[in-house]
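In: Below is the structure, and that's it, no one-letter string:
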């Protein structure tokens, strides 16, 4: 499509690794997370700002709930000296990823500082924005329904969106980021 560059790099998993969620799992992912219910107004406004930015950048797009949509709820971390950001639980997706990749053999991960050092290219100046690191990795079109989120969980009518970039929460994201940075 017009919004997809022919030079864009995509990451993803085989969608057949994740079975379709039950209707109860899907509806549960549309409800507010208990920690989100406790969040103050400042935190919720910061989360709304993140969603708005991601929508404007095309990283989060409106979606329809389909039987294959793996929904997730979310909560907010940050505050005090740290910026607020939403974190997504992806319970259904992560459960299937653990089954597929093995619970007892997690992915080995390098520290982000080591990855940044490797990505410097030494003789050239390279600027690495790792503030929203995963959000720079585009999701395969066949994977987008795995990353469905209701951005207005307190409303009576769900407002589902799909991530077109990797969000915070899926258990394989750190490994994807590491592979891309080392590639």
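Out: Received, thanks. Since the model is a prediction, treat every value here as computed from it, not as a measurement.
In: Sketch out the low-pLDDT regions of the chain for me.
Out: For the chain, the stretches flagged by pLDDT under 70 are 1-6, 102-135, 169, 171-183.
In: residue boundaries of the helices in it?
Out: Using DSSP state H, the helices found in the chain span residues 23-30, 34-37, 41-57, 91-101, 112-118, 173-182.
In: Show the contacting residues for the closest residue in space to residue 27 that isn't next to it in sequence.
Out: Of all residues not flanking residue 27 in the chain, residue 71 sits nearest, at 7.9 Å (CB to CB, 6 or more residues apart in numbering). Just so you know, the C-beta spots here come from the backbone N, C-alpha and C atoms, and that holds for glycine as well. The neighbourhood of residue 71, defined by CB atoms under 8 Å, 6 or more residues apart in numbering, consists of 21, 25-30, 65, 92, 148-150, 160.
In: And those residues, which of them are buried?
Out: Among the contacts of residue 71, those classed as buried by 16 or more other CB atoms under 10 Å are 21, 26, 29-30, 65, 92, 148-150, 160.
In: Just send those residues back as JSON lines, with distance to residue 139 too.
Out: Below are these laid out as JSON lines (distance: CB to CB, whole Å):
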{"residue": "21", "distance to residue 139": "18"}
{"residue": "26", "distance to residue 139": "19"}
{"residue": "29", "distance to residue 139": "17"}
{"residue": "30", "distance to residue 139": "20"}
{"residue": "65", "distance to residue 139": "18"}
{"residue": "92", "distance to residue 139": "16"}
{"residue": "148", "distance to residue 139": "12"}
{"residue": "149", "distance to residue 139": "13"}
{"residue": "150", "distance to residue 139": "18"}
{"residue": "160", "distance to residue 139": "15"}
